[in-house]
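Colleague: could you look at this predicted model? Sequence included:
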Amino acid sequence: MRIKGLVRVFNHARFQLQAGLKPEEVELFRKQVKTVVREVEEICRKHGVAPDQLPAPSRMAYLFLKEIDLDDLPVIRDGEPTRERPTFRIRNVVKIGDYFAERLWQQLGMLTTSPDARARLEQEMDNQVSAIERVCALHDKEPSILEAPSRQVYCWLKFLCSGDNLTLHLEALQCAKDVVGEHYPPLDRTVFVHLISLNALWRTRRYRNVILLKVNEGFQNAGRKVWRAIIQSAVSHRDLAATRLIGEYAESDDFSEVLSEIESFAALPARLPRGRAHDLDESFERVNTAYFGGRMPKPTLVWNCTPTVQKFGHYQPSRDTVMISVSLDDLKVPAHVIDFVMYHELLHKKHGVITVNERRLAHNPSFRAEERQFAKYNESRRYIDELALSQRGLSRLMRAGLDDTAA
């Protein structure tokens, strides 16, 4: 079960807390938070589900709202500076994303065999990315403050235009097409698969002659077994073994790495490294002084936009950006845990990626040896592992999708 709009409410509340509330906004903020928490609990009660059994993003958004100290809110007094509250919308960006997802599926054969067709597509996607950036610049805005659906499409297009991602995307679509073709018994409708950036694992919509299946780009590197489980669960019938297989992959580093890479193209603005509970600038200074002698060049430091379950940090080399999961921006999370994740990502900046026997290794032996030099390595590692385990919880069994719903 997924509660639509809950993550959006979470992000809006987080932005308000970061920016500070005007005195006249405080009571309305309290009322809105209480109302959302009460409605979530009522929805869960009606469906016989406890809030801690919600899928991870919804569960974490609920817990964030539930734990806000409404009696001690950050109020901006007269004369105090305010921070810009990110919000900007560009019309038709989501339609552009759907257009390219459909084209990638319909022209799959041509795109994998014709370099010219692929080059034209890449140029068109790049043109759309540039157009979005121009519109943002005209309004003195950044892509990072686009409304969530538009930002997702922008990041997804940037992702496909980067490195080998388009090749991997096409290979994943071909795997999906092969699995659809081998489905038995034969499906009574044509299946279209769109691999795109989603908040869900997948979404299905059934039409008279067509089943449209939108699948999260995080499955880009999934094997045939996982794709077979997705197709079976989404368009045929759900099976416990298939659901478990999909859930395990969705909690893997491969899945999280793709999502982190996509989001890194438009993380929160660099001018907002201070979160609700922790400041990334302060964490960097502590880590740089203690472990790099103050000589590590400072990368861009940002919080991500969506709660994560498995991966709590990411380093994007091409943009020299360290992104930390907002899941850690909590007063209950010790500062040394933030510093450990920061240290881990700065080691990625230092060591880069090496290739051994045609396999890319980000966590090579030198990396691991240096990582263990962190003063509270065992304590921090244990905290991160236990947090990831608790965040996953029972959501593994609740990931299967239904028609017109999201997994």
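Modeller: Nice, thanks for sending it over.
Colleague: and V322, its phi and psi?
Modeller: The phi/psi pair for V322 (degrees, to the nearest 10) reads phi -100, psi 120.
Colleague: I'd say it and W303 touch.
Modeller: No. V322 is not in contact with W303 according to CB atoms under 8 Å; the separation is 10.3 Å. C-beta: built from backbone N, CA, C; applies to glycine.
Colleague: quick one: low-confidence ranges for the stretch 251-400 of the chain?
Modeller: 267-272, 305-310, 318, 353-361, 390-400 (pLDDT under 70).
Colleague: and the helices in it, which stretches?
Modeller: Ranges of helices in the stretch 251-400 of the chain, per DSSP state H, counting those that start in this stretch, are 253-263, 280-291, 335-351, 365-371, 377-392.
Colleague: before we move on, back to that, more crowded one of V322 and W303?
Modeller: Neighbours around V322 and W303, counted as other CB atoms under 10 Å, are more numerous at V322. The numbers are 26 against 23.
Colleague: which strand residues bridge that one?
Modeller: L301, Y315 (DSSP bridges).
Colleague: please determine how far it is located from E124.
Modeller: For V322, the distance to E124 equals 32 Å [CB to CB, to the nearest Å].
Colleague: out of the helices of the stretch 251-400 of the chain, which is closest to E39?
Modeller: helix 377-392 (22.5 Å; CB to CB).
Colleague: how about the closest one as CSV, C-alpha atoms only?
Modeller: C-alpha atoms of helix 377-392 as CSV (Å, rounded to 0.1, in the frame of the first residue of the first chain):
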residue,chain,number,x,y,z
TYR,A,377,34.3,2.8,12.5
ASN,A,378,32.7,-0.2,14.2
GLU,A,379,30.1,1.9,16.0
SER,A,380,29.2,3.9,12.9
ARG,A,381,29.1,0.9,10.6
ARG,A,382,26.9,-1.0,13.1
TYR,A,383,24.5,2.0,13.3
ILE,A,384,24.2,2.3,9.5
ASP,A,385,23.6,-1.4,9.1
GLU,A,386,21.0,-1.5,11.8
LEU,A,387,19.3,1.6,10.4
ALA,A,388,19.1,0.1,6.9
LEU,A,389,17.7,-3.1,8.4
SER,A,390,15.0,-1.2,10.4
GLN,A,391,14.1,0.9,7.4
ARG,A,392,13.5,-2.1,5.3
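Colleague: so what's in contact with V322 and W303 at the same time?
Modeller: Residues touching both V322 and W303 (CB atoms under 8 Å, 6 or more residues apart in numbering): L280.
Colleague: who are the packing partners of whichever strand or helix holds T167?
Modeller: According to DSSP states H and E, T167 maps onto helix 165-181. With contacts taken as 3 or more CB pairs under 8 Å, 6 or more residues apart in numbering; DSSP states H and E, helix 165-181 sits against helix 93-106, helix 108-113, helix 148-160, strand 190-196, helix 224-231.
Colleague: right, and the helix or strand after the shortest one?
Modeller: When you say that, I think you mean helix 108-113. helix 115-138.
Colleague: ditto for the fourth one
Modeller: Going down the chain from strand 190-196, the next helix or strand is strand 202-206, by DSSP H and E.
Colleague: so for C175, which of the helices and strands packed on helix 165-181 sits nearest?
Modeller: Among the helices and strands packed on helix 165-181, helix 224-231 comes nearest to C175, with 5.2 Å by CB to CB.
Colleague: who touches the closest one?
Modeller: Residues outside helix 224-231 that contact it (CB under 8 Å, 6+ apart) are 172, 175-176, 178-180, 183, 191, 201-202, 213, 215, 219, 222, 239, 241-243, 245-246, 249.
Colleague: list the buried residues of it.
Modeller: Judged by neighbour count (16 or more other CB atoms under 10 Å), helix 224-231 contains these buried residues: 226-231.
Colleague: C-alpha coordinates for the helix or strand that that helix is followed by, PDB please?
Modeller: Along the chain past helix 224-231, the next helix or strand (assigned with DSSP H and E) turns out to be helix 240-250. Extracted C-alpha coordinates of helix 240-250, given in PDB (Å, rounded to 0.1, in the frame of the first residue of the first chain):
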ATOM      1  CA  LEU A 240       5.400 -14.500  -3.100                       C
ATOM      2  CA  ALA A 241       8.700 -15.800  -4.500                       C
ATOM      3  CA  ALA A 242       8.600 -13.100  -7.300                       C
ATOM      4  CA  THR A 243       7.800 -10.400  -4.800                       C
ATOM      5  CA  ARG A 244      10.700 -11.400  -2.600                       C
ATOM      6  CA  LEU A 245      13.100 -11.400  -5.500                       C
ATOM      7  CA  ILE A 246      12.000  -8.000  -6.600                       C
ATOM      8  CA  GLY A 247      12.200  -6.600  -3.100                       C
ATOM      9  CA  GLU A 248      15.700  -8.000  -2.600                       C
ATOM     10  CA  TYR A 249      16.900  -6.400  -5.800                       C
ATOM     11  CA  ALA A 250      15.300  -3.100  -4.900                       C
END
